[in-house]
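Visitor: what's the 3D shape of this:
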Amino acid sequence: MADERVVSDIVTKFLLNTCRLRPQLSKYVVQATQWCGAIVAQHPHDEAEADLIPLITGSVAEFYIEPMLPHAGDIDVMFNRSTALAIPRGHPPPTQLPAEFQNYVKVFEIVDSHLPGYVYLELRYLLTEYIAGEKYNYTVYDSGLYMSHRLRVIGEMHGIHGPALCRDIRHDQRLSADFEPELLTVVYKLVSSVDAVPCVRCLSWPPQAADWRTRQRNYDWPDSATVDRVVSNGCDVVKVAHRQCRQDEWMGKHQHRLSFSRAEIVLIDSWMPIQQIVYHMLRYFIQAERLADSYVFELSNYHIKTLMLWACELKSSNFWTDDLNLIRICVELLHALTAWLTDARCPHYFINDCNLIDKTFGVEITGSQFSTEIAVQLQSIDEAWLSTWFVNNYIRKCSMLCADNVSNLFCDVSTKCKLQNAVSAVVKWRLNSTLEDMWNVLNLAKLVISRVPNISLTVGSCCWWMTELTKSDSRLPAYFAAVVFLYVAYKLSSIGFTDELMDVLATIAEHFISTRRHPSQCSSELSLNKATKLMKVVANGSHSTMQLIEIELSKAYLHRALRCKDSESNSIYCLANVYLAVLYYTSGQYQTAIDIVHW
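Guide: The predicted structure follows:
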């Protein structure tokens, strides 16, 4: 094969030319949105009024590049309840909350455990909302009640792995029944499983990570604006105990871990493309070499992420950009990882004194054990070896995605010229396939959307889908609305206009005005409020088929208001009838309008 420097340059140019910027609508975003929509459509078995609020995490959320080889083998999602909130110990209870939270919320104080980064959640307050002012009052609970985390499998999730509820897509009979073979083939190629991690939302930056916000940064990464954005997002508390505490009867059920997934998404999104590519290369190498499978130590993507976060903060921009060579950067970072493993010390990026290398895993681990199992392997890596490794295990694998005339070029890459020609052919194929890839993703999105009504159609999932699709492609919300309208029309012909169908249709027609705060309450005031909002939309819009739908929905909500037990008050009864008369008159039903006035 060609000499060392030439090969590393070829690998560098290959990755720079094939790791394109991910479009807003990508195959992984479509898949993640689908599973989040399924989560939103469900409710906890023990609290039917609680909504589940998802957050896409992991590779799908972190990467804005799209390599030829996938960077995501599964979909990672966190979800919290709309009825629970965590606050730092000693903080006053909040008086206002985002609209996603329910009209009653249990507030838990975050209490430190004896291990950095691991905490307990003590029930402290119950918030109840004033409907008019959207502000909360609170009552104080007696101390001593702590949240436990016995995970229960929900909906379509099949099992439990650590803090995650898992769904194995490849062995999912329900999925096979719901999707056409064409779509199912595409789905299987994308992801193998879905991991959904339950958590408790904390709107404040935790004091356990207070030093991160103010520590000295010599190279201005992250910059002050990014730091402010990270801190404003707060954190989450994940329901999992430290490994050494899981066998303890009490700690195993009550200990939690602080999660900084929201912060990591913001930080990784601020990286240069070069840094994202290096992150992808390191992850791919560790997984392909099966270093994460050592019986001595579980080397995970999180260790690689931590390595990259520290490197971005502690190294100048020149390290990444001068004499640009991705192989050189990877070798230097792998050697830095070697030092961590040798010392059995991986410093948490956010929390001081938190070591991400657990010395209690399996047997007591010493520095020499690390050296013999993993560190020695990494220390021996040089640029020549790693360049050849990426040609044989990465670029050659990319060529297998191409046409035969391209992949066959790798049968002989014994010279610099032959290797360069083979790699250039793969790059050219990649560039020429861009439009086809976009077309395939759009078709995948349409196929997935067409199945939403049969799987997970609720008011909450409608809001989720419309919001997420708006971020990805301006055409897809209209397509989703059309699918929902057709589904509602089909259901109307068989079961009539139910309250559930009414709410789903109103969610689309109103441009998804939020109804999340009081999902199960049926009162004349709430129904009247819905009708009023719809009527405002009608008044501000031009005459169209949509306007006719909005008028009929307004009538339906007014009739619902009159059916409620609390509609007997003169003000609500009279106002609802006046509105009905106006709507019937507007739609040309004059006699009905007159009859209502005479009631």
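Visitor: every contact and neighbour count from this point should use C-alpha atoms.
Guide: Will do.
Visitor: assign Arg201 to helix, strand or coil.
Guide: Classification of Arg201 using DSSP: H, G, I helix; E, B strand; the rest coil returns strand.
Visitor: state the distance from the residue most central in space within the chain to Gln208.
Guide: The centre of the chain sits closest to Ile56, judged by Cα atoms, centre = their mean, with a distance of 0.3 Å. Using Cα to Cα, to the nearest Å, we find Ile56 at a distance of 24 Å from Gln208.
Visitor: which parts of the strand or helix carrying Ala482 are buried?
Guide: Secondary-structure assignment from DSSP states H and E places Ala482 in helix 476-495. Within helix 476-495, the residues scored as buried using 16 or more other Cα atoms under 10 Å are 476-477, 479-481, 483-485, 487-488.
Visitor: now it: average pLDDT?
Guide: Mean pLDDT, computed over helix 476-495, is 89.
Visitor: tell me what whatever helix or strand comes next after that helix is packed against?
Guide: Moving toward the C-terminus from helix 476-495, the next helix or strand (DSSP H and E) is helix 499-509. Under the contact definition 3 or more Cα pairs under 8 Å, 6 or more residues apart in numbering; DSSP states H and E, helix 499-509 sits against helix 459-472, helix 476-495, helix 545-563.
Visitor: can I get those helices in TSV including distance to Tyr64?
Guide: Formatted as TSV, the helices and strands packed on helix 499-509 follow (distance: least, Cα to Cα, whole Å):
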stretch	distance to Tyr64
helix 459-472	13
helix 476-495	21
helix 545-563	37
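Visitor: which one of the ones you listed lies nearest to Tyr302?
Guide: Set against Tyr302 and scored by Cα to Cα, those come closest in helix 459-472, at 26.5 Å.
Visitor: hey, what's the angle from the closest one to helix 476-495? Just curious.
Guide: Angle, helix 459-472 to helix 476-495, by axes from the mean of the first three to the mean of the last three Cα atoms, to 10 degrees: 150 degrees.
Visitor: how many other residues sit next to Asn325?
Guide: Under the neighbour criterion other Cα atoms under 10 Å, Asn325 is assigned a count of 20.
Visitor: let me fix that, I meant to ask about Thr545.
Guide: Counted by other Cα under 10 Å, the residues lying close to Thr545 total 9.
Visitor: likewise for the one 5 residues further on?
Guide: Other residues near Glu550 number 24, with proximity taken as other Cα under 10 Å.
Visitor: try the one 3 residues further on
Guide: One way to gauge burial is a neighbour count; for Leu553, by other Cα under 10 Å, it gives 22.
Visitor: from Asp499, how far off is it?
Guide: Distance of Leu553 to Asp499, given as Cα to Cα: 11 Å.
Visitor: how about Ser270?
Guide: 45 Å.
Visitor: pLDDT below threshold where in the stretch 401-550 of the chain?
Guide: 510-523, 541-544 (pLDDT under 70).
Visitor: show me what the helix or strand harbouring Asn443 is packed against.
Guide: Secondary structure from DSSP H and E places Asn443 in helix 434-455. Helix 434-455 makes packing contacts with helix 27-40, helix 181-190, helix 476-495 when contacts are defined by 3+ Cα pairs under 8 Å, 6+ apart.
Visitor: now it: buried residues?
Guide: 441-442, 444-446, 448-453.
Visitor: now the angle from it to helix 27-40?
Guide: Between the axes of helix 434-455 and helix 27-40, defined by the same axes, to 10 degrees, the angle is 10 degrees.
Visitor: now helix 434-455, how far from the centre of its chain.
Guide: Counting by Cα atoms, centre = their mean, to the nearest Å, helix 434-455 is centred 19 Å from the centre of its parent chain.
Visitor: please save the CA atoms from that helix in CSV.
Guide: Output in CSV follows, covering the C-alpha atoms of helix 434-455 (Å, rounded to 0.1, in the frame of the first residue of the first chain):
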residue,chain,number,x,y,z
THR,A,434,-27.3,13.1,-2.9
LEU,A,435,-30.6,13.8,-4.7
GLU,A,436,-31.6,10.1,-4.7
ASP,A,437,-31.0,10.0,-0.9
MET,A,438,-33.2,13.0,-0.4
TRP,A,439,-35.9,11.5,-2.5
ASN,A,440,-35.7,8.2,-0.5
VAL,A,441,-35.9,10.1,2.8
LEU,A,442,-38.9,12.0,1.7
ASN,A,443,-40.7,8.8,0.6
LEU,A,444,-39.8,7.2,4.0
ALA,A,445,-41.3,10.2,5.8
LYS,A,446,-44.5,9.9,3.8
LEU,A,447,-44.8,6.2,4.4
VAL,A,448,-44.2,6.6,8.2
ILE,A,449,-46.7,9.5,8.4
SER,A,450,-49.3,7.4,6.5
ARG,A,451,-49.2,4.9,9.3
VAL,A,452,-49.4,7.3,12.3
PRO,A,453,-53.3,7.2,12.6
ASN,A,454,-53.2,3.4,12.9
ILE,A,455,-50.5,3.4,15.6
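Visitor: neighbours around the closest residue to Tyr138 other than its chain neighbours, how many?
Guide: The shortest distance from Tyr138 to any non-neighbouring residue, by Cα to Cα, 6 or more residues apart in numbering, is to Leu127 (4.4 Å). Number of residues near Leu127 (other Cα under 10 Å) recorded here: 24.
Visitor: low-confidence ranges in the stretch 1-150 of the chain?
Guide: For the stretch 1-150 of the chain, applying pLDDT under 70 flags the ranges 1-4, 72-73, 131-133, 150.
Visitor: then the stretch 151-300 of the chain?
Guide: For the stretch 151-300 of the chain, applying pLDDT under 70 flags the ranges 151-192, 291-298.
Visitor: identify the residues contacting stretch 221-239?
Guide: 86, 148-149, 163, 197-206, 213, 255-263, 266-267, 270, 312-313 (Cα atoms under 8 Å, 6 or more residues apart in numbering).
Visitor: okay, and which of the residues you listed map to strands?
Guide: Among the contacts of stretch 221-239, DSSP state E puts 86, 197-202, 256-259 in strands.
Visitor: tell me the two of the residues you listed that are most distant?
Guide: Farthest-apart pair in the ones in strands among the contacts of stretch 221-239 is Ala86 and Val197; separation 16.2 Å (Cα to Cα).
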